[in-house]
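In: what follows is a predicted protein model with its sequence.
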2 protein chains.
Amino acid sequence: MKNQLPTKRETILTGDRATGPLHLGHYVGSLKQRVSLQDKHDQTILVADMQGLTDNANNPSKVSSNILNVVADYLAVGIEPTKTTICLQSQLPALAELTMYYSNLVTIARLERNPTVKSEIKSKGFERSVPAGFLTYPISQAADITAFNATLIPVGDDQLPMLEQTNEIVRKVNSLAGKPVLNECKPLLSQTSRLPSTDGKNKMSKTMGNTINLGACEKELRAAVRSMYTDQNHLRVEDPGQVEGNIVFTYLDTFHPDIEYVRQLKEHYQRGGLGDGVTKKILEECLQELLKPIRERREQYLDDKSQLIDILRTGSEISRHKTNTTLHSVKDIFGLNPFF
Amino acid sequence: MKNQLPTKRETILTGDRATGPLHLGHYVGSLKQRVSLQDKHDQTILVADMQGLTDNANNPSKVSSNILNVVADYLAVGIEPTKTTICLQSQLPALAELTMYYSNLVTIARLERNPTVKSEIKSKGFERSVPAGFLTYPISQAADITAFNATLIPVGDDQLPMLEQTNEIVRKVNSLAGKPVLNECKPLLSQTSRLPSTDGKNKMSKTMGNTINLGACEKELRAAVRSMYTDQNHLRVEDPGQVEGNIVFTYLDTFHPDIEYVRQLKEHYQRGGLGDGVTKKILEECLQELLKPIRERREQYLDDKSQLIDILRTGSEISRHKTNTTLHSVKDIFGLNPFF
């Protein structure tokens, strides 16, 4: 299932819910890939503020206060607005309108069968009190993807049911039209496995305090690495230690540039004589080096919010045009254009 | 529960799903009232094409082909575009956007408890295959009502749960805002009881062929009255007949201008000696007189579709402005305006 980077110029849509600053999990899971994709593809990044509200409507500032942070994160890791269009979901009315039209083509039963939504409803403890906007967000995602005519969607494999739902809607719309109007999309599966949280147990989450944000300061980064889960049976330095499930080694594998050096460290740790203090120090140095320039650029961008707003405004203007074109084609199918 | 016509200038939103031409049931149930309301109130009529699609997505021409018919029906009965704003739902993106925001404030369980939707789902035979857009249409109606800041909604009492749902959303939005941003709305209950179908049994429906459309030609009207349900035990002219449940008399009560004359007819029918052929002839004459000028004006309007389109376009432009203002206030609550 692991794909190669695509070679022909594809239209890529990706994005993030603006519910918190981005962290190292986003960096290895998607941001690095976006930086390398932007040269050869039509890439749009959607800051999904409306989707962020589907489970945060009672605490909307969690979304609004993070919009510019997320844009600063993008720019800090090397996403360039001249190559990648960065836009804000709530600025694109066509997305809401397409969601309304598509909602008539998807049954509630079908939405309730979506395994991704099912497990999210469970993990968020919604049970029967799931907001309508949350159960139906796969329809809204289908609107996002098709509105941009995106053909390639970078996802983790837990998101594949979302693309299936999108392609079902695409086929229904095309069948109503009697001709291909919308494109089906393909997944671009991440080539890296999901980065574990620093506590090694739970899913990464800001509230659990088990993530390392891209904007973490030196002190926060140090504290996060020091508290990392290692091998709980490795009590004395001279004892043999285990590297499997040892988060420090997982992060070293992911972030340390010298693979051979990490291999030697692992051997040393496994035969005994290498303390967790030392491995953590090595990891911390490597992460401090990675995050320093990102943090600095991030702060510069956040110091001049008007520049960030300009980037969002320009990207949203371009995207408004694209998404309105798709909306027009879909309204054509429903016979709603001749009057205007 | 029967209200008097309101005296102070209220903002009224009313409308029809554009799924067929309007009929005598609409005429007595809502159109006549709209004509009398338009002089003293801010009245908007929404041609609900998007709502019409919630259960007709597989047959969209049922909606698109009826939009101008419905507008012609309005004008033919005396609704004046200079006094009443007539607009098209699909031309107002703010309605879809508001629907998205409100969807996060309403649970699926709450929607499933809505008695109106429940009975519609049953009568349409949807069961578990109810489209998401159909289950959630009360949210879309709340968006329509609040977008226009409407305070008074003409409804039948079967629609009261819709207004309850709207006011629940209004209260949630205002509580999030910490101040009154949206207005609660009140029902304006119809002062006439629901007109029965010509077969006296089923709900009025085009597919059942038991309605009399405002545009019915002389011949169609004659045939409809001749086939009307009367008293099935009234076999011979000289027998006493029953007026209760006799659709011809229900229609005479509703449409005949001379109440005393209808009273005498009823007495005659009840003591025997008055045949159904005669009562039907009297009703037919009265309906022919009512519908002739409506039909003629309707045909004139449909002969010049560009005028109808202009009326819809102008009304939609005015409405776009109003509904965008509400959307802006709601996005303010969610903190989504500062960037644009």
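Out: Here it is on my side, so go on.
In: only C-alpha atoms for contact and neighbour calcs from this point on.
Out: Fine.
In: wait, is A:Pro187 part of a strand?
Out: Yes. Counting by DSSP: H, G, I helix; E, B strand; the rest coil, A:Pro187 is part of a strand.
In: give me the neighbour count for it.
Out: As a burial measure, A:Pro187 scores 20 neighbours (other Cα atoms under 10 Å in any protein chain shown).
In: isn't it up against A:Glu164?
Out: No. Using Cα atoms under 8 Å, A:Pro187 is not in contact with A:Glu164, being 9.7 Å away.
In: what residues does the stretch 201-340 of chain A put near chain B?
Out: Within the stretch 201-340 of chain A, the positions lying close to chain B (Cα under 8 Å from any Cα of the partner chain) are A:309, A:313, A:334-336, A:339-340.
In: let's see 7 Å
Out: Contact residues (Cα under 7 Å from any Cα of the partner chain) of the stretch 201-340 of chain A with chain B: A:309, A:334-336, A:339.
In: most widely separated two among the residues you listed?
Out: A:Ile309 and A:Gly335 (37.0 Å; Cα to Cα).
In: just how off-centre is the strand or helix carrying A:Glu267 within its chain?
Out: Assigned by DSSP states H and E, A:Glu267 falls within helix A:259-271. Here the centre of helix A:259-271 is set off from its chain's centre by 32 Å, with Cα atoms, centre = their mean, to the nearest Å.
In: got the CA coordinates for it in PDB?
Out: Extracted C-alpha coordinates of helix A:259-271, given in PDB (Å, rounded to 0.1, in the frame of the first residue of the first chain):
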ATOM      1  CA  ILE A 259      21.500   6.000  10.600                       C
ATOM      2  CA  GLU A 260      24.800   4.100  11.300                       C
ATOM      3  CA  TYR A 261      25.300   6.100  14.600                       C
ATOM      4  CA  VAL A 262      21.800   5.300  15.700                       C
ATOM      5  CA  ARG A 263      22.400   1.600  14.900                       C
ATOM      6  CA  GLN A 264      25.500   1.600  17.100                       C
ATOM      7  CA  LEU A 265      23.600   3.300  19.900                       C
ATOM      8  CA  LYS A 266      20.900   0.600  19.700                       C
ATOM      9  CA  GLU A 267      23.500  -2.200  20.000                       C
ATOM     10  CA  HIS A 268      25.200  -0.500  22.900                       C
ATOM     11  CA  TYR A 269      21.800   0.000  24.700                       C
ATOM     12  CA  GLN A 270      20.800  -3.600  24.100                       C
ATOM     13  CA  ARG A 271      24.000  -5.100  25.500                       C
END
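In: tell me which helix or strand comes right after that helix.
Out: helix A:276-303.
In: average model confidence for the helix or strand following that next one?
Out: Using DSSP H and E, the helix or strand that follows helix A:276-303 in sequence is helix A:305-333. Averaged across helix A:305-333, the pLDDT comes to 97.
In: the worst-scoring helix or strand of chain A on mean pLDDT and chain B, any residue contact?
Out: Lowest on mean pLDDT, DSSP states H and E among the helices and strands of chain A sits helix A:115-123, with a mean of 91. No. Residues of helix A:115-123 are not located near chain B by Cα under 7 Å from any Cα, the shortest gap being 12.2 Å.
In: again with stretch A:70-78
Out: No. With Cα under 7 Å from any Cα as the criterion, chain B is not reached by stretch A:70-78; the gap is at least 12.1 Å.
In: so which residues make contact with that stretch?
Out: A:18, A:21-22, A:35, A:294, A:297-298, A:301-302, A:308 (Cα atoms under 7 Å, 6 or more residues apart in numbering or on different chains).
In: now these as a markdown table including neighbour count and distance to A:Tyr74?
Out: Shown next, in a markdown table, are the contacts of stretch A:70-78 (neighbours: other Cα atoms under 10 Å in any protein chain shown; distance: Cα to Cα, whole Å):
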| residue | neighbour count | distance to A:Tyr74 |
| --- | --- | --- |
| A:Ala18 | 26 | 12 |
| A:Pro21 | 22 | 10 |
| A:Leu22 | 25 | 9 |
| A:Val35 | 18 | 9 |
| A:Ile294 | 22 | 10 |
| A:Arg297 | 19 | 10 |
| A:Arg298 | 22 | 9 |
| A:Tyr301 | 20 | 10 |
| A:Leu302 | 17 | 12 |
| A:Leu308 | 19 | 10 |
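In: I'd like to know which of those residues is nearest to chain B.
Out: Minimum distance to chain B across the contacts of stretch A:70-78 is 9.2 Å, recorded for A:Leu308 (Cα to the nearest Cα).
In: can you tell me how far that closest one is from A:Pro21?
Out: 15 Å (Cα to Cα, to the nearest Å).
In: same thing with A:Thr44?
Out: When A:Thr44 is compared with A:Pro21 (using Cα to Cα), they lie 19 Å apart.
In: what's the helix or strand for whatever residue of the stretch 151-300 of chain A ends up closest to chain B?
Out: Using Cα to the nearest Cα, A:Leu176 is the residue of the stretch 151-300 of chain A that sits closest to chain B, at 7.0 Å. Using DSSP H and E, A:Leu176 falls within helix A:160-177.
In: helices or strands up against that helix?
Out: If contacts are counted by 3 or more Cα pairs under 7 Å, 6 or more residues apart in numbering or on different chains; DSSP states H and E, helix A:160-177 sits against helix A:137-147.
In: compute the inter-axis angle for the helix it packs on and helix A:115-123.
Out: Helix A:137-147 runs at 140 degrees relative to helix A:115-123, counting by axes from the mean of the first three to the mean of the last three Cα atoms, to 10 degrees.
In: and helix A:137-147, does that touch chain B?
Out: No. Helix A:137-147 lies out of reach of chain B by Cα under 7 Å from any Cα, never closer than 9.1 Å.
In: off-centre distance for the next helix or strand after that helix?
Out: Sequence-wise, the next helix or strand downstream of helix A:137-147 (DSSP H and E) is strand A:152-155. Chain-centre distance of strand A:152-155: 10 Å, with Cα atoms, centre = their mean.
In: pLDDT of strand A:152-155, averaged?
Out: pLDDT averaged over strand A:152-155 gives 95.
In: show me where pLDDT drops low in the stretch 101-250 of chain A?
Out: The model of the stretch 101-250 of chain A has no residue with pLDDT under 70.
In: tell me which stretches of the stretch 1-150 of chain A form helices.
Out: In the stretch 1-150 of chain A, the helices defined using DSSP state H, counting those that start in this stretch lie at A:24-26, A:32-37, A:49-53, A:61-64, A:67-77, A:93-103, A:108-113, A:115-123, A:132-135, A:137-147.
In: other residues contacting the second one?
Out: Outside helix A:32-37, the residues within contact range by Cα under 7 Å, 6+ apart are A:78-79.
In: what are the buried residues along it?
Out: A:33-35, A:37 (16 or more other Cα atoms under 10 Å in any protein chain shown).
In: so which of the residues you listed comes closest to B:Asn210?
Out: B:Asn210 lies nearest to A:Arg34 out of these, by Cα to Cα, at 60.9 Å.
In: quick check: the closest one vs chain B, distance?
Out: As judged by Cα to the nearest Cα, to the nearest Å, A:Arg34 and chain B stand 24 Å apart.
In: read off the pLDDT value for that residue.
Out: 96.
In: likewise for the one 5 residues further on?
Out: At A:Asp39, the predicted lDDT confidence score is 95.
In: quick one, phi/psi of it?
Out: Dihedral pair for A:Asp39: phi -70, psi -40, per degrees, to the nearest 10.
In: list the contacts of it.
Out: Residues near A:Asp39 by Cα under 7 Å, 6+ apart: A:Lys83.
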